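1. Quick check, what structure comes out for this input:
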Amino acid sequence: MRPTREHITGLLLAGGRATRMGGADKGLQTLHGEPLASHVLKRLAPQTGALLISANRHAEAYAALGAPYGAAVVADTLAGFPGPLAGLLAGLRAAGTGYVLSAPCDSPWLPADLAERLARALDSNGADIATVATSDAHGQLSLHPVFALLRTALADDLAAFLEAGERKVRAWYARHKTEEVVFTDERAFYNINSLQELTDLERD
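-> So this is what the prediction gives:
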């Protein structure tokens, strides 16, 4: 059965160190007067039945941003900012639905049909994970693994993977049946990595 909106919890991943942004909390940096996290929440909310925010700093600020959407804040259970998989695990554990749709806090233009297209791929191929690839004008694919729709039943396996000291998203996906869904709009998955990029985008 294809998961529909009420079966999916959206997960905003905002728990990183943001080293390329000088350590600033990336999701709280503003673009056109709104925090990046707000842009992403606004796009995730119509596609999901519930929302969670993975954050390891400034929990009160994220709680305030999530309040209009009823989004709770969850933190990594592993110390030391071990990466997006730790945030994903926290979301899988906290979700009250069978599926989680993850997206990073620094990609404010994610598509309105992200959940629908990933859900279709899961259903048609019996996969455990559906993730995003984009194609350029030459047909070259770029993978964007932190955009993904996953079964929450994968939580225990992910916990064991992390406890073994593993951290790479693609290495964990390789343990499961994973479908890559190709989107042609690369800009939809553009992630903002520096304060200079934010400044440049403000001028657009």
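2. Helices of the chain, residue ranges please.
-> 36-44, 59-66, 84-94, 114-125, 155-163, 169-173, 195-203 (DSSP state H).
3. in this structure, which segments are predicted with low confidence?
-> 17-22, 81, 194-204 (pLDDT under 70).
4. From the centre of it outward, give me the first residue you hit.
-> residue 103 (1.9 Å; C-alpha atoms, centre = their mean).
5. correct me, but it touches residue 41?
-> No. Using C-beta atoms under 8 Å, residue 103 makes no contact with residue 41, being 9.4 Å away. (Each C-beta comes from the backbone N, C-alpha and C, glycine too.)
6. what residues do the two have in common as contacts?
-> Residues touching both residue 103 and residue 41 (C-beta atoms under 8 Å, 6 or more residues apart in numbering): 10, 12.
7. Now do the residue lying farthest from the centre of the chain against residue 55, distance only.
-> Most distant from the centre of the chain: residue 138, at 26.8 Å, with distances by C-alpha atoms, centre = their mean. According to C-beta to C-beta, to the nearest Å, residue 138 and residue 55 sit 38 Å apart.
8. Next: residue 161.
-> Distance from residue 161 to residue 55, by C-beta to C-beta: 22 Å.
9. who's more crowded, these two?
-> Neighbour totals were compared for residue 161 and residue 55, and residue 55 leads with 29 against 18 (other C-beta atoms under 10 Å).
10. Identify the residues contacting the more buried one.
-> 14-15, 27, 62, 73-75.
11. returning to what we had before: got the phi and psi for the residue farthest from the centre of the chain?
-> phi -100, psi 10 (degrees, to the nearest 10).
12. just to revisit the earlier point, could you report the separation of the residue nearest to the centre of the chain from residue 147?
-> Distance, residue 103 to residue 147, using C-beta to C-beta: 6 Å.
13. Any chance you could list residues touching both of the two?
-> 110, 114.
14. So residue 90 is in contact with residue 74, correct?
-> Yes. With contact defined as C-beta under 8 Å, residue 90 and residue 74 form a contacting pair (4.3 Å).
15. Spit out the residues that contact these two alike.
-> Joint contacts of residue 90 and residue 74 (C-beta under 8 Å, 6+ apart) are residue 54.
16. From one end of stretch 130-139 to the other, what's the distance?
-> Stretch 130-139 has an end-to-end distance of 20 Å (C-alpha to C-alpha, to the nearest Å).
17. and that stretch, which residues are buried?
-> 130-134 (16 or more other C-beta atoms under 10 Å).
18. tilt between the longest strand along the chain and helix 84-94?
-> Longest strand in the chain by number of residues (criterion: DSSP state E): strand 141-151. Orientation check (axes from the mean of the first three to the mean of the last three C-alpha atoms, to 10 degrees): strand 141-151 against helix 84-94 gives 20 degrees.
19. can I get the CA coordinates of strand 141-151 in CSV?
-> Extracted in CSV, the C-alpha atoms of strand 141-151 (Å, rounded to 0.1, in the frame of the first residue of the first chain):
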residue,chain,number,x,y,z
LEU,A,141,23.1,12.1,-11.7
SER,A,142,23.8,13.7,-8.3
LEU,A,143,22.6,11.9,-5.2
HIS,A,144,20.9,13.8,-2.3
PRO,A,145,20.6,11.1,0.3
VAL,A,146,19.3,13.2,3.2
PHE,A,147,16.1,13.7,1.3
ALA,A,148,14.5,10.3,1.9
LEU,A,149,11.3,8.5,2.7
LEU,A,150,12.0,5.6,5.0
ARG,A,151,10.1,2.9,6.9
